[in-house]
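Visitor: Quick one, fold the following:
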Amino acid sequence: MSDTSRRQFLAGAATVGAVAFAGGAGAAQSKKTMPPLLHNVYFWLKNPDSDTDRDALIAGLKTLAAIPTVREISIGVPASTEKREVVDNSYQVSELLMFDDVEGQNAYQVHPIHKKFVDECSHLWEKVVVYDSIAV
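Guide: Here you go, the predicted model:
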């Protein structure tokens, strides 16, 4: 390979490397922005050891994704993370709903799908705790 060809090859390889690196950085910077209002709900079941009740609650929660003002939904169960004094994993099911604003969350509360969920699933839980937060 001649010196000219070698220089052209190395310059091309450096350009490809720089583009690949910048593309990786750009991908990290272009992460999807989370909606500003988060609605965290934790459920304690009347029958905490019942897989049937847990699965029924999860199925009911999944229907809430159809409400137009719900931007994102995440449903979970306690993770098997390290036991620490600050960790409360006494609940059986959690949900995280994301909204564009307070008005969207208010519309969700009175939406027929949400009301149906409460009517059909409230017999499953003994306690519900809600934490709503807005991004700062």
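Visitor: shouldn't Leu97 be in contact with Ile75?
Guide: No - using C-beta atoms under 8 Å, Leu97 makes no contact with Ile75, being 9.6 Å away. Just so you know, the C-beta spots here come from the backbone N, C-alpha and C atoms, and that holds for glycine as well.
Visitor: what about these two, which has more around it?
Guide: More neighbours surround Leu97 than the other of Leu97 and Ile75, with 26 against 18 (other C-beta atoms under 10 Å).
Visitor: Quick check: phi and psi on the residue found closest to that one once you drop the neighbours it is linked to in the chain?
Guide: Excluding its sequence neighbours, the residue lying closest to Leu97 (C-beta to C-beta, 6 or more residues apart in numbering) is His39, at 4.2 Å. When read as degrees, to the nearest 10, the backbone of His39 gives phi -120, psi 100.
Visitor: Looking at His39 now. What's its pLDDT?
Guide: In this model, His39 is scored at 97, pLDDT.
Visitor: Give the burial count for it, as a bare number.
Guide: So His39, with other C-beta under 10 Å, has 20 neighbours.
Visitor: quick one: buried residues of stretch 34-44?
Guide: Within stretch 34-44, the residues scored as buried using 16 or more other C-beta atoms under 10 Å are Pro35, Pro36, Leu37, Leu38, His39, Val41, Tyr42, Phe43.
Visitor: What helix or strand is Arg84 located in?
Guide: In this structure, Arg84 sits in neither a helix nor a strand according to DSSP states H and E.
Visitor: Show residues contacting stretch 112-120.
Guide: Under the criterion C-beta atoms under 8 Å, 6 or more residues apart in numbering, residues Gly60, Leu61, Thr63, Leu64, Ala66, Ile67, Tyr108 lie in contact with stretch 112-120.
Visitor: Pick the one among the buried residues of stretch 34-44 closest to Gln92.
Guide: Relative to Gln92, the closest of the buried residues of stretch 34-44 is Phe43; by C-beta to C-beta it sits at 6.1 Å.
Visitor: Residues contacting whichever helix or strand that closest one is part of, please?
Guide: According to DSSP H and E, Phe43 maps onto strand 37-45. Applying C-beta under 8 Å, 6+ apart, the external contacts of strand 37-45 come out as 53-54, 57, 90-102, 104-105, 108, 124-135.
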